[in-house]
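Q: here are the coordinates; sequence isn't available:
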């Protein structure tokens with residue numbers, strides 16, 4: 001007995017409606033990735049975050065993120081323009097070869113022109129894998145890392161009422177912490193553990209943005225001058241055994257090792273509450289944060 005559905009059911013698999021893709025085609029599903037690297041620096045995930053409209057006079061608007069697939073250790077490079085990306089990648093590859101006595105085998109990124117270093121990759125024997133256009137899922141490790149970094153970055157800014165002008169210090173400190181915290185993906189080891197095969201020293205880590213009192217230099221004070229300067233803790237600077245601070249009164253960023261921390265007090269929050277916020281934030285731009293211009297010292 002014939003039914004009204006006989007025509008539909010009699011259609012074969014060879015029939016293809018060209019109108020359907022035009023009218024309702026969807027993206028194909030992404031399978032769960034089970035591949036992983038076997039050694040450090042076998043695979044690096046890279047991506048650029050930015051631009052941000054809020055900048056200091058140092059002009060940082062972007063940062064390049066590099067994630068080691070095996071250890072999940074993360075490095076960021078603060079950038080003024082995207083043109084600095086290629087130089088940062090070359091410097092990082094040289095750092096890996098010098099400090100870890102190994103070579104990078106593969107780099108995964110999007111198709112941004114900043115990552116097009118074909119001649120350099122060929123010379124180093126590096127395979128460059130690129131994600132498809134508008135398919136960040138294919139470079140998901142570093143995309144998720146960006147989200148993680150920014151989620152944590154917003155917390156101290158809101159909690160301590162910090163000016164957003166300090167975003168580059170906060171981001172650097174967040175990455176510094178994430179590299180030293182246990183990770184479920186690494187079976188509760190930290191990226192630092194995996195990369196350096198030793199446990200990180202956590203005793204010197206303090207609450208970002210807290211009140212700090214750094215010793216003043218003896219040759220800059222008289223007998224009745226204060227022996228310490230009140231400041232805000234801004235994290236650490238790589239390669240120096242000291243911490244970064246911002247003097248609320250002289251508007252200087254400086255380095256010091258003789259510091260007492262009050263991790264339950266946040267001076268910036270109190271000053272903002274008693275000052276015109278907009279004028280105070282704009283006054284911060286009266287000094288330069290470029291490293292050669294810092295009043296840097298280890299007392």
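A: Nice, I can see it. On a predicted model such as this, the values are computed, not experimentally measured, just so you know.

Q: List the buried residues for stretch 100-112?
A: 104, 106-110 (16 or more other CB atoms under 10 Å). For glycine as for every other residue, the C-beta is placed from the backbone atoms N, C-alpha and C.

Q: what about residue 244, which SS state?
A: Under DSSP: H, G, I helix; E, B strand; the rest coil, residue 244 falls in the strand class.

Q: Low-confidence ranges, the stretch 101-250 of the chain, go.
A: Applying pLDDT under 70 to the stretch 101-250 of the chain flags the ranges 134, 136-138.

Q: where do the helices sit along it?
A: Remark: helices assigned in the stretch 101-250 of the chain by DSSP state H, counting those that start in this stretch are 118-124, 140-159, 167-178, 191-196.

Q: my guess is residue 245 meets residue 235, correct?
A: No. Using CB atoms under 8 Å, residue 245 makes no contact with residue 235, being 9.5 Å away.

Q: buried stuff in the host helix or strand of residue 89?
A: Counting by DSSP states H and E, the element that carries residue 89 is helix 85-99. Across helix 85-99, burial judged by 16+ other CB under 10 Å covers 85-86, 88-89, 92-93, 96.

Q: Now do the contacts for residue 192.
A: For residue 192, the contact set (CB atoms under 8 Å, 6 or more residues apart in numbering) comprises 73, 179-180, 198-200.

Q: Let me know the closest of the residues you listed to residue 211.
A: residue 180 (23.2 Å; CB to CB).

Q: Got phi/psi on the nearest residue in space to that closest one that is not next to it in sequence?
A: Ranked by CB to CB, 6 or more residues apart in numbering and with sequence neighbours excluded, the top spatial neighbour of residue 180 is residue 200, at 4.2 Å. Backbone torsions of residue 200, given as degrees, to the nearest 10, read phi -70, psi 150.

Q: neighbours around residue 200, how many?
A: Neighbour count for residue 200, taken as other CB atoms under 10 Å: 16.

Q: gap between it and residue 73?
A: Going from residue 200 to residue 73 by CB to CB, to the nearest Å gives 11 Å.

Q: Now do the shared contacts for these two.
A: In contact with both residue 200 and residue 73: 179, 192, using CB under 8 Å, 6+ apart.

Q: sorry, back to before: need the winner for burial among the helices of the stretch 101-250 of the chain.
A: For the helices of the stretch 101-250 of the chain, the largest average neighbour count (mean count of other CB atoms under 10 Å) is found in helix 167-178, namely a mean of 21.

Q: what's that one in contact with?
A: 52, 54, 56, 58, 60, 63, 74-76, 78, 148-149, 152-153, 156-157, 162, 191, 205, 208, 234-236, 244.

Q: again, but for stretch 122-131
A: 93, 103-111, 115, 117-118, 120-121, 137-139.

Q: Now with 7 Å, please.
A: Contact with stretch 122-131 is made by 93, 104-111, 121, 138-139, as judged by CB atoms under 7 Å, 6 or more residues apart in numbering.

Q: From the chain's centroid, how far away is the helix holding residue 89?
A: Here helix 85-99 is found 17 Å from its chain centre; the criterion is CA atoms, centre = their mean, to the nearest Å.

Q: Could you list every helix and strand in contact with it?
A: Identification of packing neighbours for helix 85-99 by 3 or more CB pairs under 7 Å, 6 or more residues apart in numbering; DSSP states H and E yields strand 62-68, strand 74-79.

Q: Could you spell out the sheet neighbours of the longest one, each with its direction?
A: Strand partners for strand 62-68, identified by DSSP bridges, are recorded as strand 44-49 (antiparallel), strand 74-79 (antiparallel).

Q: Export those to TSV and append columns for mean pLDDT and distance to residue 16.
A: Output for those, formatted as TSV (pLDDT from 0 to 100; distance: least, CB to CB, whole Å):
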stretch	mean pLDDT	distance to residue 16
strand 44-49	94	38
strand 74-79	95	46
